[in-house]
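Visitor: Quick one: sequence plus predicted model below, questions after.
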Amino acid sequence: MIRLPAATALALVFAVPVATSLSAQVKTPDRPVTDPRSVTSPVNPNARAVPVEDIGTSRSLGTTAWSADGRQIFVATNLTGRTNIWRTDTAGSWPVQLTQSDDSQTGLAPSADGKYVYFQQDVGGNEYPDIYRVPVDGGAVEQITKTPDRREGSMLVGGAKGAIALSTKLKTEGQTNLAVLDADGNVRVLTKEADPQFAWGAVAWVDSGTAIIANRDRVDSKVGEVWRVDATTGAATKLIAKADTVYQAADATPDGKWIAVSTDDGTGQLHAGLYDTAARTWKWLKPTPWEQTASSLTRDGKALIFATNADARSTLYRYDIARGTETALQVPPGVNYLTGADPRSPDGRTLLVGHSGADSPTNLYLYDLASGAARPATQLAIASLSPDVLPKSEVVTYKSFDGTLVSAVVTMPANLKRDGRNPAIVLPHGGPTGQAQDGYSRYATAFASRGYITIQPNFRGSTGYGKAFQEANFKDLGGGDLKDTVAAKTFLVNTGYVDAKRVGIFGGSYGGFMTLMAIGRVPDEFAAAVQWFGIINWRTMYRDQDELLKAYQRGLLGTPETDPKVYDASSPLTYIRAAKAPLLTIQGENDIRVPRGQAQEVNDILKAKGNVVETVFYPAEGHGFQKRENQLDSLKRTVAWFDKYLKAAPAK
């Protein structure tokens, strides 16, 4: 445990400053600043508190896959409270359960002969899955690999003689390699990555299933390369690469001539293009200041499906390669993405699309490329979660302490008075290389339907706003990004709706870290806090976590030996004894990303100090809770915590 002298700890506690001439604004896409008073609470006579049980019972959309003949769709979802595999007819039918397990089953990949669905399954959330398969018509599940010390997953069907490409990683190593699973169940590793910071992943089979287009990505998201790997010999040829540049392939034509790629080369923001491997030339899509990513080529090779993530809202487009025209897919606004290792139906006519909106829980859609029509393939939300009842959201932009533009998703309850008496909750996202998007959030829904205004800030370090913004919190975790998060609270208060003394903070993983930093570094800002599997001590994190995550942490902070002052300044442990807010902590026993000891350390320090603190551990759960009873219990506890410590306190 790190113990600093009291004087040192107090010197490190900061107040959020106003912008000064010394502050350097971080560049992001231009957009107007939102007037806080323009945010309004809508009048809705149908609005009501959605039962927490209903929110917790709504089913998730996991991985998806087409059957070999395109007549059926396989979906990993938790209809029974466990994420198992279900089958439904493409034309529409009652879903049929294929597997049953307490452990989550994901990464679906149908065999080339159409007889089986392959999938991956770990043990109690330990993130070291083996490969299994089940007959498409039901039957006994067969375990293909039995390697508890090796992770296998990210399967891609399409190799010669039924081979499946996949990624594999040893527990003792940080690096991830490319491998092939043959029809007899044997795994053969193709690459020999030496750098623990890099991971290989299959993108597309080419040349009649004899070679693989693959990505070689650095864990800190600063470097990406595109390679061609011979599936027999493992001989690898570098196709696209440049120092300190991201190139990430998404798909390739069967002959390997065209590769669909996203890159930040020259712009500092991801943009999409097609690379001609023979001529070594590019065909670029229309430029945009926003994040643009290639998704999938159509089976006829005539078009590219790509996504534009414009300020937390994602839209899918079809790019006609010959004409150079771009057409938006007619899918409801919100968060839209192609889903599955191969989202295209075998006949090439239909795409699997995942969609969610603030008032629309995640659902699977079938998009017809010829007609442009989309229809739901599943209905995963419980009936009470209907758009006429659920709270709405909007994306706002505010200036942080140094003038940097920060966007956030605000979810506003209906029928509130602008009287400065309402409670609110700030929800920092995980990552930090992640983004809060304007889609469905069970947490924002639970809170906002009960009268809490919520805000999900995309603080510096978030993806989607360019390379400079994404890297702006490196070796400054819990510094500028925390100031951005506190500025989100200030924005809510300035709407005129929120009581500054009734604002809480809640997050998981890096959001949990931000919660712990907030109550320690700015102890008077938040009246109550809930953190799920958050980091308190980067030194013990580095000591105890998985090797791949150590490599990620080195990219953010360096090492405890090379950057001890950075580790001290970035650890909530340095500040946590200043915390005042009542804190609820929830943690999985098997978490390899944020080990159990992090939560225990928080609990022990605050309990010894006499703070109000409660800590809950769930057995057989990892980084995030997969079992429905734990999903529901954690949500109930979180809502009850804020009801007790935010709603019960009188406004002052």
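Guide: The structure has been received and is ready for your questions. Quick caveat, the model's predicted, so the values are computed rather than measured.
Visitor: for the spatially most central residue of the chain, what are its contacts?
Guide: Closest to where the C-alpha atoms of the chain average out (CA atoms, centre = their mean) is Gly434, at 6.0 Å. Going by CB atoms under 8 Å, 6 or more residues apart in numbering, Gly434 touches Ser462, Thr463, Tyr510. Just so you know, the C-beta spots here come from the backbone N, C-alpha and C atoms, and that holds for glycine as well.
Visitor: again with Ala236
Guide: When contacts are counted by CB under 8 Å, 6+ apart, Ala236 is found next to Leu190, Thr191, Ala214, Trp227, Arg228, Val229, Asp230.
Visitor: hmm, back to that, tell me the one of the contacts of Gly434 nearest Ser570?
Guide: Nearest to Ser570, judged by CB to CB, of these is Tyr510 at 11.5 Å.
Visitor: about what we covered before: isn't there a helix covering the residue nearest to the centre of the chain?
Guide: No. Counting by DSSP: H, G, I helix; E, B strand; the rest coil, one finds Gly434 to be coil, located in no helix.
Visitor: Which segments of the protein make up each domain?
Guide: Per the record, the chain has its domains at 6-54+385-647, 62-376, by automatic domain parsing.
Visitor: Let me know which of those domains is tucked in deepest.
Guide: Of all those, domain 6-54+385-647 has the most neighbours on average by mean count of other CB atoms under 10 Å, namely a mean of 20.
Visitor: can you give me the helices in the protein?
Guide: Secondary structure of the chain (DSSP state H): helices at 6-12, 52-57, 442-448, 467-470, 480-494, 510-521, 538-544, 547-557, 564-570, 596-609, 628-642.
Visitor: Same list, the ones you listed, but as TSV with mean pLDDT please.
Guide: As requested, the helices of the chain are exported to TSV (pLDDT from 0 to 100):
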stretch	mean pLDDT
helix 6-12	28
helix 52-57	89
helix 442-448	96
helix 467-470	95
helix 480-494	98
helix 510-521	97
helix 538-544	92
helix 547-557	90
helix 564-570	95
helix 596-609	94
helix 628-642	96
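Visitor: Reformat those as CSV; add distance to Lys169.
Guide: Formatted as CSV, these follow (distance: least, CB to CB, whole Å):
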stretch, distance to Lys169
helix 6-12, 36
helix 52-57, 32
helix 442-448, 30
helix 467-470, 24
helix 480-494, 29
helix 510-521, 22
helix 538-544, 18
helix 547-557, 7
helix 564-570, 26
helix 596-609, 22
helix 628-642, 26
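Visitor: Between those helices, which one is closest to Asn186.
Guide: That would be, of the helices of the chain and by CB to CB, helix 547-557, which comes in at 24.4 Å.
Visitor: helices or strands up against the closest one?
Guide: helix 538-544, helix 564-570 (3 or more CB pairs under 8 Å, 6 or more residues apart in numbering; DSSP states H and E).
Visitor: now the angle from that helix to helix 510-521?
Guide: Counting by axes from the mean of the first three to the mean of the last three CA atoms, to 10 degrees, helix 547-557 points 50 degrees away from the direction of helix 510-521.
Visitor: circling back: lowest average confidence across the domains of the chain, which one?
Guide: Mean pLDDT per stretch puts domain 6-54+385-647 lowest among the domains of the chain, at a mean of 92.
Visitor: tell me how far it is from the chain's mean position?
Guide: 15 Å (CA atoms, centre = their mean, to the nearest Å).
Visitor: again, but for stretch 358-368
Guide: Stretch 358-368 sits 17 Å away from the centroid of its parent chain (CA atoms, centre = their mean).
Visitor: still on that earlier bit, which one, of the helices of the chain, ends up nearest to Ser295?
Guide: helix 467-470 (20.5 Å).
Visitor: Run through who's touching that closest one.
Guide: Residues outside helix 467-470 that contact it (CB under 8 Å, 6+ apart) are 26-28, 221, 264, 268-269, 404, 433, 460-463.
Visitor: One more: stretch 576-583?
Guide: Stretch 576-583 is touched from outside by 9-10, 13, 504-505, 516, 519-521, 523-524, 526-531, 536, 602, 605-606, 609, 611-614, 641, 644-645, with contacts defined as CB under 8 Å, 6+ apart.
Visitor: Tell me where the stretch 351-500 of the chain has strands.
Guide: 360-368, 374-376, 392-399, 405-412, 422-426, 453-457, 498-508 (DSSP state E, counting those that start in this stretch).
Visitor: okay, these in JSON lines with distance to Lys636 next?
Guide: Supplementary listing: the strands of the stretch 351-500 of the chain in JSON lines, determined by distance: least, CB to CB, whole Å:
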{"stretch": "strand 360-368", "distance to Lys636": "18"}
{"stretch": "strand 374-376", "distance to Lys636": "29"}
{"stretch": "strand 392-399", "distance to Lys636": "23"}
{"stretch": "strand 405-412", "distance to Lys636": "19"}
{"stretch": "strand 422-426", "distance to Lys636": "16"}
{"stretch": "strand 453-457", "distance to Lys636": "17"}
{"stretch": "strand 498-508", "distance to Lys636": "14"}
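Visitor: do you know which of these lies nearest Pro36?
Guide: Among those, strand 392-399 comes nearest to Pro36, with 7.6 Å by CB to CB.
Visitor: where's the closest residue to Pro196 other than its chain neighbours relative to Ala527, distance?
Guide: Nearest residue to Pro196, sequence neighbours excluded (CB to CB, 6 or more residues apart in numbering): Gly174, at 3.0 Å. According to CB to CB, to the nearest Å, Gly174 stands 40 Å off from Ala527.
Visitor: what's the answer for Ser393, then?
Guide: Distance from Ser393 to Ala527, by CB to CB: 23 Å.
Visitor: Ok, Lys161 next?
Guide: Distance, Lys161 to Ala527, using CB to CB: 63 Å.
Visitor: again, but for Glu601
Guide: 23 Å.
Visitor: swap in Pro413?
Guide: In terms of CB to CB, Pro413 sits 18 Å off from Ala527.
Visitor: Run through the residues that contact Thr540.
Guide: Contacts for Thr540 (CB under 8 Å, 6+ apart) come out as Met1, Pro595, Gly597, Gln598, Glu601.
Visitor: Turn those into CSV, including distance to Tyr575.
Guide: Converted to CSV, the contacts of Thr540 look like this (distance: CB to CB, whole Å):
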residue, distance to Tyr575
Met1, 14
Pro595, 21
Gly597, 19
Gln598, 15
Glu601, 13
